[in-house]
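Undergrad: pasting the sequence and the predicted coordinates here, then a few questions.
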Amino acid sequence: MHQKKYAWELISEVGLAGAKKKPIITPIDTNVKLTSKDNDKIVQLNGKIGEDFGTDQAAYQRLVGKLLYLTVTRPDISFVVQSLSQFLQQPKTSHMEVALRTVRYVKNQPGQGLLLSSNYNNKVTAYCDADWAACPITRRSVTGFMIKLDDSLVSRKSKKQTVISISSAEAEYRSLATTTAELTW
């Protein structure tokens, strides 16, 4: 199951259809920490100190909404889209750059999607993880899980935890509890 046509429409809409840039292999750079305007009035830009001026809010919201729709069949971009969704009210130029990088990542394999297997042996598998204190603003951890029935993905989620964990072990236990609750449901 894929959304190849939708992905190509998104790529051409943002003007990257004819771009001959190097392929992107990750949807977000591992060293990037997205922050709000309130938490960083001044940022380092090309060796000069200056303000990170905002971007067109409507265009940013439209792009993030389209990426959100694409996550239905592309769980590999779920985390970055969840992160970008936090800045819909006051997007910065750096947020738009990450969103465009995500589109370039999708361009690398626009037909990627979910495999829904016809094999059936009633085996449920669940994976979970937590990124301790991932949010630089609130210091809350991000939990993520995926649940498979045989070889088919049936449930997945990436979300900030509701409380601040004191240790990485506590964040992992909270992630495990969230996954267990989803399995029970």
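TA: Right, received. Where do you want to start?
Undergrad: so which residues make contact with the helix or strand containing Gln82?
TA: Using DSSP states H and E, Gln82 maps to helix 78-85. With contact meaning C-beta atoms under 8 Å, 6 or more residues apart in numbering, helix 78-85 is reached by 27-28, 34, 64, 67-68, 70-71, 95, 98-99, 102, 142, 144, 156, 158-159. C-beta here means a position set from N, CA and C on the backbone, and glycine is covered the same way.
Undergrad: over to the closest residue to Met146 other than its chain neighbours. Which of the three states is it?
TA: The shortest distance from Met146 to any non-neighbouring residue, by C-beta to C-beta, 6 or more residues apart in numbering, is to Arg156 (4.3 Å). Applying DSSP: H, G, I helix; E, B strand; the rest coil to Arg156 yields a three-state assignment of strand.
Undergrad: pull the contacting residues for Arg156.
TA: Contacts of Arg156 were listed using C-beta under 8 Å, 6+ apart, and they are Pro75, Ser78, Gly144, Phe145, Met146, Ile147.
Undergrad: all the strands of the protein, residue numbers only.
TA: With DSSP state E as the criterion, the chain has strands at 43-45, 48-50, 124-131, 142-149, 152-160.
Undergrad: note down every partner strand of the last one and its orientation.
TA: Think strand 152-160. Applying DSSP bridges, strand 152-160 is found paired with strand 142-149 (antiparallel).
Undergrad: what angle sits between the partner strand and strand 124-131?
TA: For strand 142-149 against strand 124-131, the angle by axes from the mean of the first three to the mean of the last three C-alpha atoms, to 10 degrees is 170 degrees.
Undergrad: mind checking how far the residue of the chain positioned farthest from its centre is from Tyr105?
TA: Distance from the C-alpha centroid of the chain peaks at Asn121, with 31.4 Å (C-alpha atoms, centre = their mean). With distances taken as C-beta to C-beta, to the nearest Å, Asn121 is found 34 Å from Tyr105.
Undergrad: same question, Leu16
TA: Counting by C-beta to C-beta, the gap from Leu16 to Tyr105 is 11 Å.
Undergrad: more crowded one of those two?
TA: Neighbour count, other C-beta atoms under 10 Å: between Leu16 and Tyr105, Tyr105 has more, with 19 against 15.
Undergrad: go through the helix holding Gln82 and flag the buried ones.
TA: Ser78, Phe79, Val80, Val81, Gln82, Ser83, Leu84 (16 or more other C-beta atoms under 10 Å).
Undergrad: now swap in stretch 11-23 and tell me
TA: Neighbour counts using 16+ other C-beta under 10 Å place Ile11, Val14 of stretch 11-23 among the buried residues.
Undergrad: next one: stretch 96-106
TA: Met96, Val98, Ala99, Arg101, Thr102, Val103, Arg104, Tyr105, Val106.
Undergrad: having no further points to raise, I will conclude here.
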